[in-house]
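*Asks:* Everything below, folded, please.
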Amino acid sequence: MPQFDSLIGLLDSRSFTTIWYWLALIGMWSAAGRTVLGVPSEVLARARSAQDGGAGQGPAVITLLDWLSLVLPRWRLRPQEGAVFLGVTSFLMTSLIVLGFGFWLEMAQALVLLLGPFWVLFWMRVRLARRLLPLIAAAQDGTTPLAEAALSVAKSMTWHRRWVTVLSMISVALAALWGALWSVLQPVGF
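*Replies:* You can find the predicted model right below:
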């Protein structure tokens with residue numbers, strides 16, 4: 001039955017040789033690079049250009065700080081939540097690593113190369129949120145001038161965005177290299 005053969009070929013569970021894995025990898029990194037902690041990168045770019053133009057308290061800067069005041073509370077992790085999340089995700093990642101690179105399961109290897117960098121990205125975002133919360137609180141209280149707080153926030157977010165870009169390039173390159181190596185070493189898929 002040729003129609004079922006083409007359907008099975010379309011939904012093939014092998015990862016490195018299917019287009020779906022690569023579309024998911026590129027799509028996930030594309031979506032991850034569009035925002036910084038939920039703040040669109042256009043808002044950050046407008047605030048940076050307003051600060052460079054001398055409008056340290058302009059509407060673009062206020063918009064950035066408003067966005068952050070709305071999204072930063074979502075990134076707050078209490079110590080218990082952080083410990084549980086770290087423990088569970090570490091267990092899952094370790095299990096995938098053992099299955100993938102200890103028992104040579106292709107799907108587990110693909111999931112490690114797909115989810116591992118996002119695990120690092122999550123903790124980078126939590127760390128950035130912890131750094132930005134006191135700055136936003138100080139700006140809201142009036143203890144820090146608005147322009148100074150906005151400048152520090154924008155610099156931190158810009159550096160974070162650059163590191164996310166570097167992480168995404170390394171992740172995609174590593175997945176492509178490992179996928180090519182897997183295809184050469186396992187020409188029939190197992």
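*Asks:* average model confidence for stretch 84-102?
*Replies:* Mean pLDDT, stretch 84-102: 94.
*Asks:* Please enumerate residues in contact with it?
*Replies:* Stretch 84-102 is contacted from outside by 77, 105-112, 115-116, 119, using Cβ atoms under 8 Å, 6 or more residues apart in numbering. Where you see a C-beta, it was placed from the backbone N, CA and C, and this is true even at glycine.
*Asks:* from the middle of its chain, how far away would that stretch be?
*Replies:* Centre-to-centre, stretch 84-102 and its host chain are 18 Å apart (Cα atoms, centre = their mean, to the nearest Å).
*Asks:* that older thread, where does confidence bottom out across the contacts of stretch 84-102?
*Replies:* Where pLDDT dips furthest among the contacts of stretch 84-102: residue 77, at 81.
*Asks:* Next, work out how far apart residue 187 and residue 180 are.
*Replies:* For residue 187, the distance to residue 180 equals 12 Å [Cβ to Cβ, to the nearest Å].
*Asks:* try residue 53
*Replies:* 46 Å.
*Asks:* can you pull out the strands in the protein?
*Replies:* Using DSSP state E, the strands of the chain run over residues 35-36, 39-40.
*Asks:* Pick the most buried one from these.
*Replies:* The densest packing among those, expressed as mean neighbour count by mean count of other Cβ atoms under 10 Å, is seen in strand 35-36 with a mean of 21.
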